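A.B. asks: predicted model, plus sequence, below.
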Amino acid sequence: MKIRSIAPCGMNCDLCLGSIREKNRCPGCRDLDKKRPRTRTKCTIRNCEELANNKWKYCSERCGKYPCRRLKQLDKRYSTKYGMSMIENLDMIDEKGVREFIANEKKRWIKDGRIFCVHRKEYFEIKP
């Protein structure tokens, strides 16, 4: 897991099916290639003016809109369906820093050289 794998919304893109699958692999939300996939280019969080204007890498309490409506919706969906909270992720990044967050993510989601896919709820071989 790398720092570039953590999206502005707090999603660990390494746990996403789009990143794990073999075909049409998504490079993550920080990739500047806007040609694919469409969900990244249309993401209101990734394209947030507050993030861009303040040159913030992640949503945080520094923003007067935090957590915004879109982030709350995303958090509710992922908390309910996948057992992951974007807001908890972002709060941990704010409190402990992204490096410690990633170290915790490795302990939480990687077992025996396999990574957990939150969307499929199963482990997959780690691909380079």
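C.D. replies: On my side now, so go ahead.
A.B. asks: quick one, helices of this protein?
C.D. replies: Counting by DSSP state H, the chain has these helices, from start to end: 17-20, 38-42, 49-54, 69-82, 86-96, 98-109.
A.B. asks: mind listing what's buried along the last one?
C.D. replies: When burial is assessed from 16 or more other Cβ atoms under 10 Å, helix 98-109 yields the following buried residues: F101, I102, E105, W109. C-beta coordinates here come from the backbone N, C-alpha and C atoms, glycine included.
A.B. asks: can you tell which of the helices of the chain is closest to K121?
C.D. replies: helix 69-82 (7.7 Å; Cβ to Cβ).
A.B. asks: which other residues reach that closest one?
C.D. replies: 9, 11, 44-45, 59, 67, 84-87, 118-119, 121 (Cβ atoms under 8 Å, 6 or more residues apart in numbering).
A.B. asks: among these, which two are most distant?
C.D. replies: Going by Cβ to Cβ, the pair spanning those furthest: T44 and K121, at 26.7 Å.
A.B. asks: these two: who's more crowded?
C.D. replies: Just comparing T44 and K121: by other Cβ atoms under 10 Å the higher neighbour count belongs to T44, 14 against 10.
A.B. asks: ramachandran angles for that one?
C.D. replies: With angles defined as degrees, to the nearest 10, T44 sits at phi -70, psi -30.
A.B. asks: can you pull the pLDDT of the residue lying closest to it once chain neighbours are set aside?
C.D. replies: Using Cβ to Cβ, 6 or more residues apart in numbering and skipping the chain neighbours, the partner closest in space to T44 is R70 (5.0 Å). Each residue has a pLDDT score; the one for R70 is 93.
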